[in-house]
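Colleague: For reference, the sequence and a predicted model appear below.
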Amino acid sequence: MKKVLFIWGLALTVLIQLSSCSDNESIAAEDFKCVFDALDWGKGTTYVIGHKSPDTDAVCSAITYAYLMRALGYRCEARVAGELNNETKMVLNRFGIEIPKVLDNAEGERIIMTDHSELQHAISGMDKAKILQIIDHHALGSAVTAAPLYCRIMPIGSSCSVVYTSFKDYGVTIGKDMAGLMMSALLSDTNNMTSTTTSALDSIMYEELLPLTGIADAESYYQEMADSLASYTGMTDDEIFFSDYKDYSAESVGSEIGIAVVNSLDESAQVNLRNRMVRFMPTALEKRKRKMVFAMIINKTNDYTDIIYYGEGAKQAAEEAFGKSNTDYIRCKGQLTRKNDFVPAISKALKD
Ligand SMILES: [Mn+2]
């Protein structure tokens, strides 16, 4: 009798699994709907926002995730944490999406954080916000919540890749504009699928999304993005240095440091930008009250990164992390990422 029951049980389990496989999308969407219903949405609008010095992934993850939440029936709007870089402006323009409004204080607001979970990278007041969700692909940061939250953090190429898995799980249709934004953020964050952060899941996303975007030639589209990103025409040293900049605290990396990323497309721009940033770094250190500041000047055409540094102990730390150099910069092969290459190496050097 026991054996018969066991076999019946087994058959039932298989049946349930088979039926949930055949109707995977709707069941998952229903399941997740009740998870989201449990959050305290309040009566007003919940703002979806990425990190300060917003890049394409920070902005596009906020826009696409706000869209997804609206599709599931929640009142959400995307916001940005500051002026957009030229690449992001180009991407939004290309897919006919308006630049979201700037939100510079989160105090008292209901917030979904995308592409960051670290208060230091968030707009001010985030410690006094009601954080309902975190959608990210970075190391877990210092954001805390009073109530249970929905959190989806994956070690993959972009926050938009995480958003993409959500679209699929909840069975929400992806139109040309949302596909275009997610695709652009993926290309931007992974340096055209070459960075060390690129995962198999990102490759699947690339294959599935590309046909939806209407982009005929992904290579030339990426080149167009890179050109926009590196066009600092008319920008001051200050604007260039802080256009892609992040602060790190002693707890996270061993000292109070700031790291900027600057991109160039050819040798003359590389030398010019590197010299300008070297001259600007004392001002940057003063402005952000850091012990050390670093910048990664990335040549996207010839595939190398020059590291420059300023502040007491900065040269030693940089050389310990990236090798000795006879010049006032350290040249590394490849396009380093701040998150996967620079921060771990410099943290180790600073803590040693
Ligand atoms: Mn990102």
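Modeller: Nice, I can see it. Note that this is a predicted model, so its numbers are computed, not measured. Numbering: from 1, shown residues only.

Colleague: Skipping its backbone neighbours, what lies nearest Thr283 in space?
Modeller: Closest residue in space to Thr283, ignoring its immediate chain neighbours: Asp238 at 7.3 Å, by Cβ to Cβ, 6 or more residues apart in numbering. C-betas here are computed from N, CA, C, even on glycine.

Colleague: all helices for this structure, in order.
Modeller: 2-22, 24-37, 56-71, 86-94, 159-169, 176-189, 200-213, 218-229, 237-242, 250-253, 267-288, 314-322, 343-351 (DSSP state H).

Colleague: Compile those helices into CSV and extend it with columns for mean neighbour count and mean pLDDT.
Modeller: What follows is these, written out as CSV (neighbours: other Cβ atoms under 10 Å; pLDDT from 0 to 100):
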stretch, mean neighbour count, mean pLDDT
helix 2-22, 10, 42
helix 24-37, 12, 72
helix 56-71, 27, 98
helix 86-94, 20, 96
helix 159-169, 24, 97
helix 176-189, 26, 98
helix 200-213, 16, 98
helix 218-229, 17, 94
helix 237-242, 17, 96
helix 250-253, 14, 84
helix 267-288, 17, 96
helix 314-322, 19, 96
helix 343-351, 18, 94
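
Colleague: out of those helices, nearest to the ion?
Modeller: The ion lies closest, by Cβ to the ion, to one member of these: helix 56-71, at 3.4 Å.

Colleague: distance between that closest one and the chain's centre?
Modeller: On the basis of Cα atoms, centre = their mean, to the nearest Å, helix 56-71 sits 12 Å off its chain's mean C-alpha point.

Colleague: Can you dump the C-alpha atoms of it in CSV for me?
Modeller: Only the C-alpha atoms of helix 56-71 are listed here, as CSV (Å, rounded to 0.1, in the frame of the first residue of the first chain):
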residue,chain,number,x,y,z
THR,A,56,23.3,53.9,-19.7
ASP,A,57,22.6,50.9,-17.6
ALA,A,58,21.5,53.0,-14.6
VAL,A,59,19.1,55.0,-16.7
CYS,A,60,17.8,52.2,-18.9
SER,A,61,17.3,49.8,-16.0
ALA,A,62,15.2,52.4,-14.2
ILE,A,63,13.1,53.1,-17.3
THR,A,64,12.5,49.5,-18.3
TYR,A,65,11.9,48.3,-14.8
ALA,A,66,9.4,51.1,-14.2
TYR,A,67,7.7,50.0,-17.4
LEU,A,68,7.6,46.4,-16.2
MET,A,69,6.1,47.4,-12.9
ARG,A,70,3.4,49.5,-14.6
ALA,A,71,2.6,46.6,-16.8
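
Colleague: Could you list every helix and strand in contact with that helix?
Modeller: The contact analysis (3 or more Cβ pairs under 8 Å, 6 or more residues apart in numbering; DSSP states H and E) places helix 56-71 against strand 46-49, strand 76-79, helix 86-94, strand 110-114, helix 159-169, helix 176-189.

Colleague: So which residues lie in contact with the fourth one, not counting its own?
Modeller: Yep, that's strand 110-114 we're talking about. 40-42, 44-50, 58, 61-62, 65-66, 69, 76, 122, 126, 129-136, 143, 159, 163 (Cβ atoms under 8 Å, 6 or more residues apart in numbering).

Colleague: any idea of the mean pLDDT for that strand?
Modeller: Per-residue pLDDT values over strand 110-114 give a mean of 98.

Colleague: and it with helix 56-71, angle?
Modeller: In terms of direction (axes from the mean of the first three to the mean of the last three Cα atoms, to 10 degrees), strand 110-114 departs from helix 56-71 by 130 degrees.

Colleague: Strand 110-114 pairs with which strands?
Modeller: Applying DSSP bridges, strand 110-114 is found paired with strand 46-49 (parallel), strand 130-136 (parallel).

Colleague: Single out the most deeply packed of these.
Modeller: Neighbour counts (mean count of other Cβ atoms under 10 Å) averaged over each of those peak at strand 46-49, with a mean of 27.

Colleague: can you list contacts of that one?
Modeller: Residues outside strand 46-49 that contact it (Cβ under 8 Å, 6+ apart): 62-63, 65-66, 69, 74-81, 103, 106, 109-114, 123, 132.

Colleague: Let's see it as PDB, backbone CA atoms only.
Modeller: Extracted in PDB, the C-alpha atoms of strand 46-49 (Å, rounded to 0.1, in the frame of the first residue of the first chain):
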ATOM      1  CA  THR A  46       7.100  54.900  -6.500                       C
ATOM      2  CA  TYR A  47      10.300  56.200  -8.200                       C
ATOM      3  CA  VAL A  48      12.600  53.800  -9.900                       C
ATOM      4  CA  ILE A  49      16.100  55.200 -10.000                       C
END
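
Colleague: which bits of the stretch 1-150 of the chain sit near the ion?
Modeller: 57, 115 (Cβ under 5 Å from the ion).

Colleague: Going through the contacts of strand 46-49, which ones are buried?
Modeller: For these, a burial check counting by 16 or more other Cβ atoms under 10 Å picks out 62-63, 65-66, 69, 74, 76-81, 103, 106, 109-114, 123, 132.

Colleague: Can you report how many residues lie near whichever residue of the stretch 201-350 of the chain sits closest to the ion?
Modeller: Per Cβ to the ion, Lys339 is where the stretch 201-350 of the chain lies closest to the ion, at 7.8 Å. Using other Cβ atoms under 10 Å, Lys339 has 17 other residues around it.
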